[in-house]
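> Can you look at this prediction? I've put the sequence above it.
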Amino acid sequence: MLLSSIQSAKKKIGLLELDQAPLLSSRLGLDISVNENVELLQTLLLKMGELASAHLTGLVIDPIYSFDASASSGKAGCLTRLNVLADEVDPLAVPAIIPDYGLEEMSNNYNLVKFDLFYHPTESNSLKKKQLLAEIHDYCDYLDMNMLLKLHLYQPKGEEYLSEQFQDDQLLAIGELSRLTELVALQYPLEPLAIATLTAELDVPWILMDEGQSYDQFKQELRVCLENGASGFLVSQALWQEMTQMRQEDKSLDLEQINHFLETTFLDRVIELMRIANEMGEGV
């Protein structure tokens, strides 16, 4: 599948991450070693996908918890995450591939590929990570599949990033990795000039990733990015984070309130973000 399958008529991209089950289960306080909790998690992910698919250009699924959402994706395209994600990610580790559901299975289901990569140009594993990404991209080419690289830039020493250093490192990282993907999701580059510079350096389209900021902050950052060349967004927590606090008196999840939230606030946000993406920028 090609990038065109997840673009709007105006060449904009709006993707919902339904592949964040470890994160969502942690925020909801669900022990996913319990079957009932897995079923609840899958029900919530499926509902999000059904609500969003009529408005966004694509859904991102995983083969374990949100695979059923692909059947109800409607006009939205579908991407499948290739690598294992945990609630606590070791950014230094070379990514592990999800077993028993690889690129050929994704190709057979007409999906694009999503690959999450924590990366820094000076880290000790940078070469191994680049080699793995190159191998995946080569095989995607063979299967005539396009890929989304979700690039998480991090500070190897665990220190707080200074703005200028983050921007320099982000530019360096995309210079090394962007030829190995057809679409890249990036953290907010912090200021308009840096965003415009990043866009000028890239030969592939890029979209803004959700890093757990509030919805209002994400929406504002998206506007700035679109004005300076971004092609859309990859969103998750910004749409649903408030529902994790919706509890009954005994602290159990208030499912009635959560369902109402998804059918109103969540859906309104989906529609608004896609409208913003389509109305702003010139397209790629």
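Noted; the coordinates are in hand. Residues are numbered from 1 along each chain as shown.

> burial measure for the residue lying closest to Phe118 once chain neighbours are set aside, as a count.
For Phe118, the nearest residue in space outside its immediate sequence neighbours is Pro91; the separation is 3.6 Å by CB to CB, 6 or more residues apart in numbering. C-beta here means a position set from N, CA and C on the backbone, and glycine is covered the same way. For Pro91, the neighbour count with other CB atoms under 10 Å is 16.

> Can you check the pLDDT for Pro91?
Reading off the per-residue confidence, Pro91 sits at a pLDDT of 83.

> In three-state terms, label it for me.
Classification of Pro91 into helix, strand or coil gives coil, according to DSSP: H, G, I helix; E, B strand; the rest coil.

> Could you do Phe266 as well?
When classified by three-state DSSP, Phe266 comes out as helix.

> Count the residues that sit near it.
23.

> right, and it touches Leu239 too?
Yes. Between Phe266 and Leu239 there is a contact at 5.4 Å, judged by CB atoms under 8 Å.

> Identify the contacts common to the two.
Met48 (CB atoms under 8 Å, 6 or more residues apart in numbering).

> list the contacts for the residue nearest to Phe118?
Contacts for Pro91 were tallied using CB under 8 Å, 6+ apart; they are Phe118, His152, Tyr154, Pro156.

> Which of the three states applies to the second one?
Under three-state DSSP, the three-state class of His152 is strand.

> In contact with it, which residues?
When contacts are taken as CB under 8 Å, 6+ apart, His152 is in contact with Pro91, Asp116, Leu117, Phe118, Tyr119, Gln187, Met209.

> 6 Å instead?
Under the criterion of CB atoms under 6 Å, 6 or more residues apart in numbering, the contact list for His152 reads Phe118.

> Any idea what it is bridged to?
Beta-bridge partners recorded for His152 (DSSP bridges): Phe118.

> okay, among the contacts of Pro91, which ones form the most distant pair?
Taking CB to CB as the measure, the contacts of Pro91 span a maximum distance of 12.4 Å, between His152 and Pro156.

> give me the low-pLDDT residue ranges for the stretch 1-150 of the chain?
Applying pLDDT under 70 to the stretch 1-150 of the chain flags residues 1, 73, 86-88.

> the strands in it, which residues?
With DSSP state E, counting those that start in this stretch applied, the stretch 1-150 of the chain shows strands at 13-17, 58-61, 77-81, 112-119, 147-153, listed in chain order.

> Lys150 versus Leu177, what's the distance?
11 Å (CB to CB, to the nearest Å).

> Give the other helices and strands that the helix or strand hosting Asp168 contacts.
Take DSSP states H and E as the rule and Asp168 turns out to sit in helix 163-177. Helix 163-177 sits against strand 147-153, with contacts defined as 3 or more CB pairs under 6 Å, 6 or more residues apart in numbering; DSSP states H and E.

> CA atoms of the helix holding Asp168 as PDB?
Only the C-alpha atoms of helix 163-177 are listed here, as PDB (Å, rounded to 0.1, in the frame of the first residue of the first chain):
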ATOM      1  CA  SER A 163      16.000  24.100  22.600                       C
ATOM      2  CA  GLU A 164      18.800  24.900  20.200                       C
ATOM      3  CA  GLN A 165      20.500  21.500  20.900                       C
ATOM      4  CA  PHE A 166      17.200  19.600  20.300                       C
ATOM      5  CA  GLN A 167      16.700  21.300  17.000                       C
ATOM      6  CA  ASP A 168      20.200  20.600  15.800                       C
ATOM      7  CA  ASP A 169      20.000  17.000  16.900                       C
ATOM      8  CA  GLN A 170      16.600  16.600  15.300                       C
ATOM      9  CA  LEU A 171      17.900  17.900  12.000                       C
ATOM     10  CA  LEU A 172      20.900  15.600  12.200                       C
ATOM     11  CA  ALA A 173      18.700  12.600  12.900                       C
ATOM     12  CA  ILE A 174      16.300  13.200  10.000                       C
ATOM     13  CA  GLY A 175      19.300  13.800   7.700                       C
ATOM     14  CA  GLU A 176      20.400  10.300   8.600                       C
ATOM     15  CA  LEU A 177      17.100   8.500   8.600                       C
END
